[in-house]
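Peer 1: whatever this is, show me its structure:
(chains A and B)
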Amino acid sequence: MPDMAIIVPSVLNGLTTGALYALVALGLTLIYGVLHIINFAHGALLMLGLYAVYYLNVQFGIDPYVALLIVPPGMFALGYALQRGIIGRASHGRDENILLVTLGLAIVIENLSLFLFKSDTRIIDVPYSFEVVEILGAFLPLPKVVAFAGALITAALLWLIMSKTDLGRAIRALAKERKGAKLVGIDVEHVFAMSFGLGIACLGVAACLLLPSYYVNPQVGHGFVLIAFTIVVLGGMGSFVGALLGGLIIGVVEALGGLFFGESLGQLGIFLIFILVLVFRPTGLLGHKV
Amino acid sequence: MRQLALLGLVFAALFTVPFVVESESWRTTLIMTLYAALLGQAWNILGGYGGQFSFGHAAFFGTGAYTVAVLQVQFGINPWLGLVAGGALAVGVAAFIGFTTFRYGLRGSYFALVTLAFAEVLRILSNTVPFTGAGVGILIPLDPGAASLQFTSKAGFYWLLWAITLAAFLTAWWIGHSRFGARLMAVRDNEDAARALGVDPFRVKMRAIMLSGLFSGLAGVFYAQFFLYLDPGIAYGPAVSVESLLVPIVGGMGTLFGPLLGAVALHAVSEVTREVIGDLPGISLVIYGTILVIMVLFAPRGLSGLVSRLTARMRRTAEGDRHA
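Peer 2: Model (predicted):
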C-alpha cells in the first residue's frame, strides 16, 4: 500500500484531469439530453479544436487562454453548421443512422487531419508550462489547476445559460416535449442546432484549457471519446451534475488505477466500468429508472 | 428459389475467376474484395437482418485471427485445426457479448457502444498479455503448402476464402427464407410486437450474434493466414469494425447481395482514388467516411435500395406510358 504522500497527489491529479473529462462529457451529455443522439464525432471535433489552438499559438503567437475568445465561438459555429447541414437530416426515423453519420464524420475529420497535419505529435511552448502550484502538500502543474478552475466555471456558465436564458428555456422545453415545444412556436431545427453548437463549444473551451499541459495528434480524440461516453452513461445520459461528478470519478479512477496496476490496465478499468454500467444500470448512477 | 439460383450462378462464376485472372496482383485485389464481402455479410447477419448495429465486430475478427496465430506459434498446432478453433472461439466471444448485452435488453446506440467497448477491452488485453506478442505483434512463420493453410499461389487462398464466403452467403439466404430468419426480422422491425406474438427476442438475437461472430472469426483466420502478421491494432482496432458495417450499409442492409455489391463498389472506388490521387495516408478512409455519410443521408437502404427504387420507377413510367 503506497502511503498518503503518493496517493494525495495522484488523487489531485486525477481530479484535474477529471474536470477536463467532465467538460468534454458535458458537451456530449447536453447534445444527448436535447437531441437524443450520441455524437460519435465528439473526439474528432475535440482534436480539431486542439489543432486550432495549436496553430493559433504557433502561427500567430496567441496564448491558449486568449484563444478562449476565438476557438469556442468558432467551434460553436462549426457545430451549428454540422447539425443543420448534415446530422439533423440523417435520422430517417432511426437513432442508429445518426450514430453512423457521426461515425462517418469522425472518420473523415480524423483522416483528413492525418493527411493535412501529418501524424506527428505536437506540443506548444508556453512560459508557464512548467510552473507548479502547491496544494495540500502536492505539487500540481499550473496549467492543470487553471484547467480545473476553468472547467468548473464553464460548467457553471452552461448551467446559467440553461436555467436563466430564453435559449436555455427553449432547449429544456424541447428536451422534455418535442411536439409541445413546436406547438408554442419554438423553431425546433434552430434550437437543436444551437444545442449542438453549445456542446461543441464546450470542446473548444476544453481544447484551450487542455493544450498547455497536453499534446495534439490526429488520434488524440480516441482517448477522450470512450472516456466521455463512460462518464455520460455513468452520470446518466443528459444529466449535467452527473457528467461533472462522473468526470471527476473517472479521472480519479484512472489516476489510482494507473498508480496501482500500471498505465494500460488502468485504462482497462474505464472500459470495464463502461460495460458494467451500460449493462446493469444504463440510466446512470443518478439517472432515474426508465 | 430464384434468389438461390442467382446466388449459385454468382458463386459459380466467382469460382472460375482464378482460371481467368492470372496476375497475382489482380488476384490480391479480388481476394480483398471477396474478403470485404465476407466481413460485410457477417455483420449483415446481425446488423442487417437483426437490426443490432455492432460497432465492434473486430472483437470476433481479432479472436479468430489471434487463435489461429497463437495456436501455431506458441503450441505448434496445425492451422486447419486453428481454423476450427478460431471459428469456435469467435462464436464463444459472440455468445459472451450477446449474453451480457441482450440479457439486459440493450438496444440501438447502447448496443453499438458496448460492442465497441468490448473490442477495445480485447485490444488492450492483447496489447498486454505476453502470448499474443503484445504490442510487437505476432508473426506466423512462412511455411507454404496447403497442409499448413498457406498456399503457394494466390489461387489457393482465393478458393479457401470463396468457400467460407459461400457458407456465409448461404447462411444469409437461409435467414431470408427460414422461420428463424422471419423471427429475427420481426425482432428487428418491432421487438415488442414480436414478443407479443411469442417470439423470444433474446434467443433469436443470441443465435444471430453467434452466426455473425462465426463468420467474422473465420474472416480473421483467413486474414492471419494470408498476411502472416497480426498486432493488437490490426486484430482488434476500429478499422475492421468500420469496414464490416460500411460494406452492407453501402450495398444494402438486410439484403442477400448487398454485402457483395457494397464490397465491389467500395473496392472499385478505393482503387480508382489510388490511381487518381496516389497512395496518400488516410485518404482512402476519408473517402470511406464520406461515402458512409452520403449513403446514410441520401440512400439509407444502400445501393440495392437505390436499384429497386430505380426499377420501380421505371416500371411505373412504363405502366404510365401504357395507360396514356
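Peer 1: which ones are touching residue 40?
Peer 2: Reading this off chain A. By C-beta atoms under 8 Å, 6 or more residues apart in numbering or on different chains, the contact set of A:Phe40 is A:Leu99, A:Thr102, A:Leu103, A:Leu105, A:Ala106, A:Val225. C-beta coordinates here come from the backbone N, C-alpha and C atoms, glycine included.
Peer 1: hmm, no, I was thinking of chain B.
Peer 2: B:Gly40 makes contact with B:Glu243, B:Ser244, B:Leu246, B:Val247, B:Pro248, B:Gly251, B:Gly258, B:Pro259, B:Leu260, B:Gly262, B:Ala263, according to C-beta under 8 Å, 6+ apart.
Peer 1: could you export the residues you listed as a markdown table, including distance to chain A, neighbour count and pLDDT?
Peer 2: What follows is these, written out as a markdown table (distance: C-beta to the nearest C-beta, whole Å; neighbours: other C-beta atoms under 10 Å in any protein chain shown; pLDDT from 0 to 100):
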| residue | distance to chain A | neighbour count | pLDDT |
| --- | --- | --- | --- |
| B:Glu243 | 11 | 22 | 89 |
| B:Ser244 | 12 | 31 | 93 |
| B:Leu246 | 9 | 26 | 90 |
| B:Val247 | 13 | 31 | 92 |
| B:Pro248 | 11 | 31 | 93 |
| B:Gly251 | 14 | 29 | 89 |
| B:Gly258 | 15 | 27 | 91 |
| B:Pro259 | 16 | 34 | 94 |
| B:Leu260 | 20 | 28 | 94 |
| B:Gly262 | 14 | 30 | 92 |
| B:Ala263 | 18 | 27 | 93 |
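Peer 1: need the pLDDT of A:Arg89.
Peer 2: With respect to pLDDT, A:Arg89 has a value of 84.
Peer 1: now do it: how many residues are near it, please.
Peer 2: 15 (other C-beta atoms under 10 Å in any protein chain shown).
Peer 1: now for it: which residues touch it?
Peer 2: B:Leu297.
Peer 1: in this structure B:His267 contacts B:Ala37, no?
Peer 2: No - the criterion here is C-beta atoms under 8 Å, and B:His267 misses it with B:Ala37 at 9.4 Å.
Peer 1: please identify which of those two sits among more neighbours.
Peer 2: Looking at B:His267 and B:Ala37 with other C-beta under 10 Å, you find the greater number of neighbours at B:Ala37, namely 30 against 19.
Peer 1: is it true that that one touches B:Ile164?
Peer 2: No - assessed by C-beta under 8 Å, B:Ala37 is found out of contact with B:Ile164, at 10.6 Å.
Peer 1: whether the strand or helix carrying B:Leu297 contacts chain A - can you check?
Peer 2: Using DSSP states H and E, B:Leu297 sits within helix B:283-298. Yes - shown here: helix B:283-298 in contact with chain A (C-beta under 8 Å from any C-beta of the partner chain) through B:Ile283, B:Leu285, B:Val286, B:Tyr288, B:Gly289, B:Thr290, B:Ile291, B:Leu292, B:Val293, B:Val296, B:Leu297.
Peer 1: select only the buried ones of those in PyMOL?
Peer 2: With 16 or more other C-beta atoms under 10 Å in any protein chain shown as the criterion, this PyMOL line picks the buried residues out of the residues of helix B:283-298 next to chain A:
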select buried, chain B and resi 283+285+286+288+289+290+291+292+293+296+297
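Peer 1: can I get the residues of helix B:283-298 next to chain A in a markdown table including distance to B:Gly50?
Peer 2: Shown next, in a markdown table, are the residues of helix B:283-298 next to chain A (distance: C-beta to C-beta, whole Å):
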| residue | distance to B:Gly50 |
| --- | --- |
| B:Ile283 | 33 |
| B:Leu285 | 27 |
| B:Val286 | 30 |
| B:Tyr288 | 24 |
| B:Gly289 | 25 |
| B:Thr290 | 27 |
| B:Ile291 | 23 |
| B:Leu292 | 20 |
| B:Val293 | 24 |
| B:Val296 | 19 |
| B:Leu297 | 24 |
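Peer 1: I'd like the residues of helix B:283-298 next to chain A written out as JSON lines, with pLDDT and distance to B:Phe180 added.
Peer 2: Shown next, in JSON lines, are those (pLDDT from 0 to 100; distance: C-beta to C-beta, whole Å):
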{"residue": "B:Ile283", "pLDDT": "77", "distance to B:Phe180": "42"}
{"residue": "B:Leu285", "pLDDT": "80", "distance to B:Phe180": "36"}
{"residue": "B:Val286", "pLDDT": "85", "distance to B:Phe180": "39"}
{"residue": "B:Tyr288", "pLDDT": "84", "distance to B:Phe180": "32"}
{"residue": "B:Gly289", "pLDDT": "87", "distance to B:Phe180": "34"}
{"residue": "B:Thr290", "pLDDT": "89", "distance to B:Phe180": "36"}
{"residue": "B:Ile291", "pLDDT": "87", "distance to B:Phe180": "32"}
{"residue": "B:Leu292", "pLDDT": "87", "distance to B:Phe180": "30"}
{"residue": "B:Val293", "pLDDT": "89", "distance to B:Phe180": "34"}
{"residue": "B:Val296", "pLDDT": "86", "distance to B:Phe180": "28"}
{"residue": "B:Leu297", "pLDDT": "87", "distance to B:Phe180": "33"}
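Peer 1: nearest to B:Leu30, of the residues of helix B:283-298 next to chain A?
Peer 2: B:Tyr288 (19.4 Å; C-beta to C-beta).
Peer 1: next up, the contacts around that closest one.
Peer 2: A:Ile107, B:Val242, B:Glu243, B:Leu246, B:Leu266, B:Ser270.
Peer 1: which of those residues fall in helices?
Peer 2: Judged by DSSP state H, helices contain the following of the contacts of B:Tyr288: A:Ile107, B:Val242, B:Glu243, B:Leu246, B:Leu266, B:Ser270.
Peer 1: residues of the host helix or strand of A:Val205 that come out buried?
Peer 2: When elements are assigned from DSSP H and E, A:Val205 belongs to helix A:188-210. Residues of helix A:188-210 classed as buried: A:191-210 (neighbour count, 16+ other C-beta under 10 Å).
Peer 1: one step back: tell me which of the contacts of B:Gly40 is nearest to B:Ala168?
Peer 2: Nearest member of the contacts of B:Gly40 to B:Ala168, counting by C-beta to C-beta, is B:Pro259, at 8.4 Å.
Peer 1: how about that closest one: what's its closest non-neighbour residue?
Peer 2: B:Gly40 (3.4 Å; C-beta to C-beta, 6 or more residues apart in numbering or on different chains).
Peer 1: next, B:Leu230: phi, psi?
Peer 2: phi -140, psi 150 (degrees, to the nearest 10).
Peer 1: let's see the pLDDT reported for it.
Peer 2: 92.
Peer 1: now do the helices in chain B.
Peer 2: Counting by DSSP H, the helices of chain B are B:2-20, B:24-47, B:58-75, B:79-102, B:108-128, B:154-177, B:179-189, B:191-196, B:201-227, B:232-236, B:238-251, B:258-277, B:283-298, B:302-323.
Peer 1: sorry, back to before: and the contacts of B:Tyr288, which is closest to A:Gly251?
Peer 2: For the contacts of B:Tyr288, the nearest to A:Gly251 is A:Ile107 (27.9 Å; C-beta to C-beta).
Peer 1: can you pull the residues of the stretch 101-250 of chain A lying near chain B?
Peer 2: A:101, A:103-108, A:110-112, A:114-115, A:119, A:218, A:226, A:229, A:233.
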